[in-house]
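Visitor: after the sequence you'll find the predicted model.
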Protein chains: 2
Amino acid sequence: MPGNIQSIERAAAILRLLSGRNRRLGVVDLAGELNLPKGTVHGLLRTLQHVGFVEQDKDSGKYQLGAALLHMGSSYLDGNELRTRALNWSDSLAARTHEAVRIGTLHDSRVLVVHHVFRPDDSFQTLDVGSLLPAHATAMGKVLLADHPYAADELIGQGLEAFTDWTITAPDRLREELTLARERGWAWEVGELLAGQASMAAPIIDRTGRTVGAMGIVGKAERLLTTRKPRAELLSYVREAARAVSHELGAIPW
Amino acid sequence: MPGNIQSIERAAAILRLLSGRNRRLGVVDLAGELNLPKGTVHGLLRTLQHVGFVEQDKDSGKYQLGAALLHMGSSYLDGNELRTRALNWSDSLAARTHEAVRIGTLHDSRVLVVHHVFRPDDSFQTLDVGSLLPAHATAMGKVLLADHPYAADELIGQGLEAFTDWTITAPDRLREELTLARERGWAWEVGELLAGQASMAAPIIDRTGRTVGAMGIVGKAERLLTTRKPRAELLSYVREAARAVSHELGAIPW
DNA sequence: GCACGAGTTCGACAATGTCAAACGCGGTTC
DNA sequence: GAACCGCGTTTGACATTGTCGAACTCGTGC
């Protein structure tokens, strides 16, 4: 808790704001948001610009994220063991299920997508590596929250946003779902984030036994489900793949 | 030059080191590299960890980049006008040429890949969005350097690294190549970065007339070339696509 | 068991970043 | 076209803040 460098925390707060909804913000916008004098914010921005973390639009004078962050983001992926280990398995899972595969990890009570394999033979999908998905409305999120009660509490504490009519917004309902996920070792979701879309996922465990990631498939509900249940063979493929990655990470031998 | 916040510059230097060759570095490694006392470096790292920009491997105690950077990197892409405008055109260019398409921009005298479309019907290629390619050994780089003499000088100043026997390492030879690229409005390269691989690219111009990006195709030399020249129809597709994007960015009407 | 090297903590000092007020420059308004 | 916003930027005095070296702890290997 003690001794955190103020200017760096403030700089990070600026970057966080710039990576939010409005990608372009001016000095006064940021100053207002952070309750800081604009002179101070300007100094931070000047330095951030110098190191390439932000860029300034010459016409409007407003600031946006800088190119250096893109390269660092991809460097993060290179060093990410979870993703590296999961690379092979995710390809074959996509091939077996004919669905898009995603691998994610918990970050700030949301699901950070660290890998994404497109659905085979289905062009023009958008890559969402780097996206932050809501944890309570995705199968990966449920699997992750199931082993991270603290993150679950935090998420519930800040309110469960509804994305469709089927999104779980009641804390108790979510807690049940998480218990279920913990017991079964997998989770699913239908139309809770996007109408007509479903997903199922299983946990990736590391050598210490903690759930460090989740692996799952996403696609049209009609393809993933039969009679309002996840299709058994798809589910078992997902669970096998996740178990294989866990094994590579040094989790329980089998 | 004046008034840059020291701690932020140091933090950025740490992140830069962590995104380099060795993705995992300890406090003393970093301190040695930066010529700083390790106490200082530790304080910076503590804060960077707190904001999610670095993570510490609990076993080895070493530090690596953090997950927050991945999300910020992808947020940068969302706000990047060059990439947004180029999205449609790059897909159709890939379809027309049957080759992989890349869009890049200059960053620190290298080419930062901001978009990448895989070669159609050719699976298992690695996505290199976020990669920094050497400018003097790629078609995109030549096109970009042609309009950025300062960056070219800087690159030459730090020495032209050889990747294959065909890499241009002589400053004069590179300068000729850049002049040629400037005159013709396109550039190419065969085996200068990777043996057997060729690329060709054309500049993307913004409303002020500056080259803000490059768009091109990469692939096996045998497919891209005829009799040691770029195949004319591929080249014209590339140039058309780049011109179309430039047009969208508000460059000269035509 | 000792010494080394790692990451971490601590506290005194002054260098450093902060802040409020003033500046300059586009727009817009009347 | 002059007065006026609102913006990003600059400035300089102040004291908060980050810095730095030494001391600490823990794990390793000689």
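Guide: Thanks, I have the structure now. Residues are numbered from 1 along each chain as shown, chains lettered A, B, ... in the order given.

Visitor: from here on, contacts and neighbour counts on C-alpha atoms
Guide: Will do.

Visitor: look up how far A:L178 lies from A:D153.
Guide: Between A:D153 and A:L178 the computed distance is 12 Å (CA to CA, to the nearest Å).

Visitor: quick one: buried residues of stretch A:99-118?
Guide: Buried residues in stretch A:99-118, defined by neighbour count with 16 or more other CA atoms under 10 Å in any protein chain shown: A:99-107, A:109-118.

Visitor: which residues touch the nearest residue to A:R207 once chain neighbours are set aside?
Guide: Setting aside the residues directly before and after it, A:R207 is nearest to A:A251 in space (CA to CA, 6 or more residues apart in numbering or on different chains), at 4.0 Å. In this structure, A:A251 makes contact with A:205-209, judged by CA atoms under 8 Å, 6 or more residues apart in numbering or on different chains.

Visitor: how about 6 Å then?
Guide: The neighbourhood of A:A251, defined by CA atoms under 6 Å, 6 or more residues apart in numbering or on different chains, consists of A:205-207.

Visitor: same thing with A:A152?
Guide: With contacts defined as CA under 6 Å, 6+ apart, the neighbours of A:A152 are A:L145.

Visitor: if we can go back for a sec, of A:D153 and A:L178, who's got more company?
Guide: In this comparison of A:D153 against A:L178, neighbours counted by other CA atoms under 10 Å in any protein chain shown, the higher total goes to A:L178 at 25 against 15.

Visitor: confidence score at that one?
Guide: Taken from the predicted model, the pLDDT recorded for A:L178 is 97.

Visitor: okay, the closest residue to A:K62 other than its chain neighbours: pLDDT?
Guide: Taking CA to CA, 6+ apart, and ignoring the residues beside it in sequence, A:K62 has A:G26 as its nearest neighbour in space, at 4.4 Å. Each residue has a pLDDT score; the one for A:G26 is 92.

Visitor: quick check on A:G26: phi, psi?
Guide: Backbone torsions of A:G26, given as degrees, to the nearest 10, read phi -90, psi 170.

Visitor: burial measure for it, as a count.
Guide: Burial measure for A:G26: 19 neighbouring residues, criterion other CA under 10 Å.

Visitor: ok, which stretches of the stretch 151-254 of chain A are helices?
Guide: For the stretch 151-254 of chain A, the helices defined by DSSP state H, counting those that start in this stretch occupy A:171-184, A:221-224, A:232-248.

Visitor: helix or strand: which one has the residue in chain A positioned nearest to DNA strand C?
Guide: When CA to the nearest atom of the strand is the measure, chain A has its nearest residue to DNA strand C at A:S7, with 3.5 Å between them. In this structure, A:S7 is located in helix A:6-18 according to DSSP states H and E.

Visitor: the following helix or strand past that helix and DNA strand D in contact?
Guide: Towards the C-terminus, the helix or strand next in line after helix A:6-18, according to DSSP H and E, is helix A:27-34. Yes - part of helix A:27-34 sits close enough to DNA strand D to count as contact by CA under 7 Å from any atom of the strand, namely A:27-29.

Visitor: chain center to helix A:27-34: distance?
Guide: Distance of helix A:27-34 from its chain centroid, counting by CA atoms, centre = their mean, to the nearest Å, is 27 Å.

Visitor: can you name the helix or strand that A:H115 falls in?
Guide: strand A:110-117.

Visitor: just how off-centre is that strand within its chain?
Guide: Distance of strand A:110-117 from the chain centroid (CA atoms, centre = their mean) equals 5 Å.

Visitor: how about the strands in the stretch 101-250 of chain A?
Guide: In order along the chain, the stretch 101-250 of chain A carries the following strands (DSSP state E, counting those that start in this stretch): A:110-117, A:132-134, A:187-190, A:197-205, A:211-220, A:225-226, A:229-230.

Visitor: tell me the strands beside the fifth one, with direction?
Guide: Strand partners for strand A:211-220, identified by DSSP bridges, are recorded as strand A:100-107 (antiparallel), strand A:197-205 (antiparallel).

Visitor: kindly report the same for the first one.
Guide: The partner list of strand A:110-117 in its sheet, established with DSSP bridges, is strand A:100-107 (antiparallel), strand A:132-134 (antiparallel).

Visitor: in CSV, list these along with mean pLDDT.
Guide: Compiled in CSV, the strands paired with strand A:110-117 are given as follows (pLDDT from 0 to 100):
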stretch, mean pLDDT
strand A:100-107, 96
strand A:132-134, 97
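
Visitor: quick one: which of those is nearest A:L69?
Guide: Of all the strands paired with strand A:110-117, strand A:132-134 sits nearest to A:L69, with 16.1 Å by CA to CA.

Visitor: residues making contact with that closest one?
Guide: Strand A:132-134 has contacts (CA under 6 Å, 6+ apart) with A:110-112.

Visitor: near chain B, which residues of the stretch 51-200 of chain A show up?
Guide: With CA under 6 Å from any CA of the partner chain as the criterion, the stretch 51-200 of chain A comes near chain B at residues A:65, A:69-76, A:79, A:130.

Visitor: so which of the residues you listed belong to helices?
Guide: Mapping these onto helices (DSSP state H) picks out A:69-76, A:79.

Visitor: out of those, which are buried?
Guide: Under a neighbour-count criterion of 16+ other CA under 10 Å, the subset of those counted as buried comprises A:69-76, A:79.

Visitor: which one of the residues you listed sits closest to B:R83?
Guide: Distance to B:R83, by CA to CA, is smallest for A:L70 among these, at 12.5 Å.

Visitor: partners of the residue nearest to A:G185 when sequence neighbours are not counted in the sheet?
Guide: In space, not counting the residues next to it along the chain, A:G185 is nearest to A:A202; the distance is 6.3 Å by CA to CA, 6+ apart. Going by DSSP bridges, A:A202 is paired in beta bridges with A:M215.

Visitor: what's around A:A202, how many residues?
Guide: Using other CA under 10 Å, A:A202 has 34 other residues around it.

Visitor: cool, and the one 4 residues further on?
Guide: A:D206 has 19 neighbouring residues, counting by other CA under 10 Å.

Visitor: residue contacts, it?
Guide: Neighbour list for A:D206: A:246, A:249-251 [criterion: CA under 6 Å, 6+ apart].

Visitor: gap between it and A:P134?
Guide: Taking CA to CA as the measure, A:D206 and A:P134 are separated by 23 Å.

Visitor: quick check: pLDDT value at A:I252.
Guide: The confidence metric pLDDT takes the value 64 at A:I252.

Visitor: do the same with A:P230
Guide: At A:P230, the pLDDT value in this model is 92.

Visitor: just give the nearest non-adjacent residue to it, would you?
Guide: Among residues not flanking A:P230 along the chain, A:L224 sits closest, at 5.9 Å (CA to CA, 6+ apart).

Visitor: what separates the one you found from B:L77, distance-wise?
Guide: Per CA to CA, A:L224 is found 31 Å from B:L77.

Visitor: what does A:Q125 give?
Guide: A:Q125 sits 16 Å away from B:L77, going by CA to CA.

Visitor: who has more neighbours, the two?
Guide: Between A:Q125 and B:L77, counted using other CA under 10 Å, the more crowded position is B:L77 (22 against 10).
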